[in-house]
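Colleague: Pasting the sequence and the predicted coordinates here, then a few questions.
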2 protein chains.
Amino acid sequence: MSHFQPVALEHASRLINHGPTVLVTSAAADRRNVMAAAWSMPVEFTPPRIAIVIDKHTWTRELMTASGAFAVCIPCVTGIDLAYAVGSVSGRDGDKFARFNIEAARGPVLGMPLIEEGCVAWMECRLVREPHTEDAYDTCFAEVVSAAADARVFHDGRWRFDDANTDLHTIHHLGGGNFVRSSSPIAARPL
Amino acid sequence: MSHFQPVALEHASRLINHGPTVLVTSAAADRRNVMAAAWSMPVEFTPPRIAIVIDKHTWTRELMTASGAFAVCIPCVTGIDLAYAVGSVSGRDGDKFARFNIEAARGPVLGMPLIEEGCVAWMECRLVREPHTEDAYDTCFAEVVSAAADARVFHDGRWRFDDANTDLHTIHHLGGGNFVRSSSPIAARPL
């Protein structure tokens, strides 16, 4: 049973506000791909827009340029090995969904492949073409057009990480396959 | 005694690879400022380049546009209240360094204000002017020209978060003054 529930678009940017590592899925014609990306960030809340770095030599970049769309899936602790695996081989060498036995649903708005197992949220994104920054910095801008998250860990527009759901905490790549986990919530106090 | 040691420029992008919340410091003529920013990411390792979202209406943006430079200081758990405080008021209403009693050193290359107390790393950045993305997405690109980190938690080009240095873990903003901490290092296993 899926615990995923829709996320209101005005809350979508919060899904990556804290800098998690993400999976990027893409599809064009009858080809599809999934890769890992450590470098993404929101750039606006309303409309929800993000920037993400996707190397121009990747198969993902080719597919997303062809379709004008991609999805961001946010892995959690149980998805670490998957995140690292899909980040270590190229989809040009064969479909990674088949190779790693990844189940993918079809996105409601853009039809992008969406991964829920080992993940706690996803966002379908429409590429906003910016040829100069795509070329100079591999930085792609996009607008989020649909989003959902695992209600056990994100609800009412906020992440709810606590000691009871550590397996569902997002992961953050330090480099070389080493990750840390989003944990120990702390509220700031006024100075 | 400062625990900060220089970070080789080829490792500088790793300082923000995992998506921490950062402080942005700026200075031009005899004015200076510090604000918090949740939205930043590396865009390249060599040369080390980053993208960061700074609202065009902020005092920081005005100063960094005037000087062509800024610095990113990375707060840790002990700097949470400071990060939230400097993110909640404008420097136009008075110098925040004085108001919050923040000690700032002078950056070795660009002379930017650098905060070490409550922080675990800093990077001096030279703005790479991109008028279109600055205007359309408040997204500023920059090259890192000097960097340093607290050797107790970053050495030999890598973050070393563990249970013995939790106060020095980086922080990640969920929204509304709620942060999580980078913790529980986990290494991916091959699938």
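Modeller: Thanks, I have it.
Colleague: Residue of chain A nearest chain B, please.
Modeller: Nearest to chain B in chain A, going by Cβ to the nearest Cβ, is A:G19, at a distance of 1.3 Å. No exception for glycine: its C-beta is placed from N, CA and C like everyone else's.
Colleague: What's the local residue count around the closest residue to that residue other than its chain neighbours?
Modeller: Distance criterion Cβ to Cβ, 6 or more residues apart in numbering or on different chains; nearest residue to A:G19, sequence neighbours excluded, is B:G19 at 1.3 Å. When neighbours are counted by other Cβ atoms under 10 Å in any protein chain shown, B:G19 registers 30.
Colleague: quick one: B:G19 and B:L174 touch, right?
Modeller: No. Judged on Cβ atoms under 8 Å, B:G19 makes no contact with B:L174 at a distance of 11.7 Å.
Colleague: Quickly list what's touching both of these two.
Modeller: A:H18 (Cβ atoms under 8 Å, 6 or more residues apart in numbering or on different chains).
Colleague: can you give me the strands for chain A?
Modeller: Counting by DSSP state E, chain A has strands at residues A:4-6, A:22-28, A:31-37, A:40-44, A:49-53, A:69-75, A:105-106, A:113-114, A:119-128, A:139-150, A:154-155, A:158-159, A:171-175, A:178-187.
Colleague: Let me have those strands in JSON lines, adding mean neighbour count as columns.
Modeller: Formatted as JSON lines, the strands of chain A follow (neighbours: other Cβ atoms under 10 Å in any protein chain shown):
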{"stretch": "strand A:4-6", "mean neighbour count": "14"}
{"stretch": "strand A:22-28", "mean neighbour count": "25"}
{"stretch": "strand A:31-37", "mean neighbour count": "22"}
{"stretch": "strand A:40-44", "mean neighbour count": "21"}
{"stretch": "strand A:49-53", "mean neighbour count": "23"}
{"stretch": "strand A:69-75", "mean neighbour count": "26"}
{"stretch": "strand A:105-106", "mean neighbour count": "12"}
{"stretch": "strand A:113-114", "mean neighbour count": "23"}
{"stretch": "strand A:119-128", "mean neighbour count": "24"}
{"stretch": "strand A:139-150", "mean neighbour count": "23"}
{"stretch": "strand A:154-155", "mean neighbour count": "20"}
{"stretch": "strand A:158-159", "mean neighbour count": "20"}
{"stretch": "strand A:171-175", "mean neighbour count": "23"}
{"stretch": "strand A:178-187", "mean neighbour count": "20"}
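Colleague: Pick out the shakiest of these, pLDDT-wise.
Modeller: Lowest mean pLDDT within these: strand A:178-187, at a mean of 93.
Colleague: relative to strand A:171-175, how tilted is it?
Modeller: Angle, strand A:178-187 to strand A:171-175, by axes from the mean of the first three to the mean of the last three Cα atoms, to 10 degrees: 130 degrees.
Colleague: strands paired with strand A:178-187, and their directions?
Modeller: strand A:171-175 (antiparallel), strand B:178-187 (antiparallel) (DSSP bridges).
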